[in-house]
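Novice: no sequence on hand, only this structure:
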């Protein structure tokens, strides 16, 4: 890998936090990245913005930039970061940052095939039986990335052009997700097949995107489209002088509670486990790392991380159980269809207490209220919106409890898992924007929930 030399100058950087601060300066990064990725126009600086960032103090920091029409990854590696850099990576010497195009992500080898029309067409013809006879011919495939997490996964839309036996042309749409681990892709494919064959799905209480194929060589899972209305879109617009959300959004949230209850009581089991005790330990480690960036914020994060495990002793008395869970459930994963509520994105599916799904869902509403309150400076309208979201939390939890038939102790478990989810969100928010007020607002909300629970034992 050859170092990049530009006319830009920067002081010698020895502080890793200073490196991250400079990497967040999109004007500076646009000047560094443009000559590397748009060599035909090196004198201009392409528009640059940050799409995603993950900062593990002392280990690595990875940023995803939108540079004009391209996505570019920039990464610092100070410790034992996993994975290799691609051969195409270049070094921006003044920053100590390695950069490369997202298509070259070495953790997602399936991207190179998925984004190559000729190779992807051959892969689909080989995987899908409908293209192996004379009835239908696959003429072309075009992939468009929709959502991407560096080193983890990439969701894509595939637009297919087919020709039928009578010569008619027909368009078809598929969605696919490339994963960074073969066993992860295989598990997602297998679990969606299992769920598709349950009464919960056959009855229409829960809707899944149809599973189309699994391409192991590309670590790619393919699904058919689901037509519906985004629940997230119905809950947007809570800003300005608006004091309550769309009534259709409220009704959709309650419908999603029944869909989740159907999944949790479906009886499906998988070998993927999601133990909460391991995550609680990771919280402590990450909060301690945050303290090296901001002592006050880190101390407050660490205090909540250390407090959460004390309630684990309550769980058996509160009816703790283990079922199949979605693992990252929130209203943005739901589509309202004529048949029922479609639940999307089963990447984090596994066996855990169903209260973890409900707590995560509840925490999303709490997060929305906090974001709007911070954005509006504590206006009366923001307070009314927060009250509306709190009422929606309660209604969702009541609807789920009635649909699942779980006992009274479930309320306590769900609220504790909501505090856990807020801790998780606070750490993620800190890793993306350490100076933002959002992480500590989420910490305070977590404490508020814990104070409403029966006291922790010991």
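Specialist: Yep, that arrived. On a predicted model such as this, the values are computed, not experimentally measured, just so you know.
Novice: excluding its backbone neighbours, what's nearest the residue most central in space within the chain?
Specialist: The residue lying closest to the centre of the chain (CA atoms, centre = their mean) is residue 328, at 7.5 Å. The shortest distance from residue 328 to any non-neighbouring residue, by CB to CB, 6 or more residues apart in numbering, is to residue 348 (4.5 Å). In short, each C-beta sits where N, CA and C put it, glycine included.
Novice: which SS state does residue 75 fall under?
Specialist: Following DSSP: H, G, I helix; E, B strand; the rest coil, the label given to residue 75 is strand.
Novice: any idea how far residue 98 is from it?
Specialist: Separation of residue 75 from residue 98 (CB to CB, to the nearest Å): 5 Å.
Novice: pull the residues that contact the helix or strand containing residue 120.
Specialist: Secondary structure from DSSP states H and E places residue 120 in helix 117-127. For helix 117-127, the surrounding residues in contact (CB atoms under 8 Å, 6 or more residues apart in numbering) are 112-114, 131-132, 138, 140-143, 158, 160, 213-215, 217-218, 222.
Novice: need the pLDDT of the residue nearest to the centre of the chain.
Specialist: Residue 328 carries a pLDDT value of 94.
Novice: ok, residue 375 next?
Specialist: Residue 375 carries a pLDDT score of 82 in this model.
Novice: tell me where the stretch 351-458 of the chain has helices.
Specialist: 355-376, 380-404, 409-432, 438-452 (DSSP state H, counting those that start in this stretch).
Novice: got it, and the stretch 151-300 of the chain?
Specialist: Using DSSP H, counting those that start in this stretch, helices in the stretch 151-300 of the chain cover 182-196, 199-202, 231-234, 247-264, 276-290, 295-307.
Novice: on contacts alone, who are the packing partners of the first one?
Specialist: The helices and strands touching helix 182-196, judged by 3 or more CB pairs under 8 Å, 6 or more residues apart in numbering; DSSP states H and E, are strand 169-179, strand 211-215, strand 220-223.
Novice: got the contact list for the residue nearest to residue 328?
Specialist: Taking CB under 8 Å, 6+ apart as the test, what residue 348 contacts is 274, 326, 327, 328.
Novice: give me the phi and psi angles of the nearest residue to the third one once chain neighbours are set aside.
Specialist: So the one you mean is residue 327. Nearest residue to residue 327 in three dimensions, chain neighbours excluded: residue 348, at 2.8 Å (CB to CB, 6+ apart). Backbone torsions of residue 348, given as degrees, to the nearest 10, read phi -100, psi 20.
Novice: let's test this: mean pLDDT of stretch 397-417, rounded?
Specialist: 96.
Novice: contact partners of that stretch?
Specialist: By CB under 8 Å, 6+ apart, stretch 397-417 touches 254, 257-258, 260-262, 264-265, 308, 311, 314-315, 317-321, 353-356, 358-360, 362, 449-450, 452-454.
Novice: filter the residues you listed to the buried ones?
Specialist: Buried by 16 or more other CB atoms under 10 Å: 254, 257-258, 260-262, 264-265, 308, 311, 314-315, 318, 320, 353-356, 358-360, 362, 449-450, 453, out of the contacts of stretch 397-417.
Novice: output the helices of the stretch 151-300 of the chain in CSV; the columns should cover mean pLDDT and distance to residue 387.
Specialist: Formatted as CSV, those follow (pLDDT from 0 to 100; distance: least, CB to CB, whole Å):
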stretch, mean pLDDT, distance to residue 387
helix 182-196, 93, 36
helix 199-202, 93, 33
helix 231-234, 92, 19
helix 247-264, 96, 13
helix 276-290, 95, 29
helix 295-307, 96, 24
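Novice: and among these, the most buried is which?
Specialist: The highest mean neighbour count among the helices of the stretch 151-300 of the chain, using mean count of other CB atoms under 10 Å, belongs to helix 247-264: a mean of 21.
Novice: show me what it packs onto, helices and strands only.
Specialist: With contacts defined as 3+ CB pairs under 8 Å, 6+ apart, helix 247-264 has these neighbours: helix 199-202, strand 206-207, helix 231-234, strand 323-325, strand 334-336, strand 341-343, helix 355-376, helix 380-404.
Novice: next one: that helix to chain centre, how far?
Specialist: Distance of helix 247-264 from its chain centroid, counting by CA atoms, centre = their mean, to the nearest Å, is 20 Å.
Novice: what does the pLDDT read for the residue nearest to residue 327?
Specialist: 92.
Novice: gap between it and residue 390?
Specialist: 26 Å.
Novice: overlap in contacts, residue 75 and residue 98.
Specialist: By CB under 8 Å, 6+ apart, the residues touching both residue 75 and residue 98 are residue 85.
Novice: compare these two (neighbour count), which wins?
Specialist: Taking other CB atoms under 10 Å, residue 75 and residue 98 do not tie; residue 75 has more neighbours (21 against 18).
Novice: got a list of what the more buried one touches?
Specialist: 60, 61, 62, 63, 81, 85, 97, 98, 99, 150.
Novice: before we move on, what about residue 73?
Specialist: Residues near residue 73 by CB under 8 Å, 6+ apart: 62, 63, 64, 65, 99, 100, 101, 102, 105, 150.
Novice: make it 7 Å
Specialist: 62, 64, 99, 100, 102, 105, 150 (CB atoms under 7 Å, 6 or more residues apart in numbering).
Novice: just to revisit the earlier point, return the member of the contacts of residue 348 nearest to residue 193.
Specialist: Here the nearest of those to residue 193, counting by CB to CB, is residue 326; it sits at 15.9 Å.
Novice: many thanks, I have nothing further to ask.
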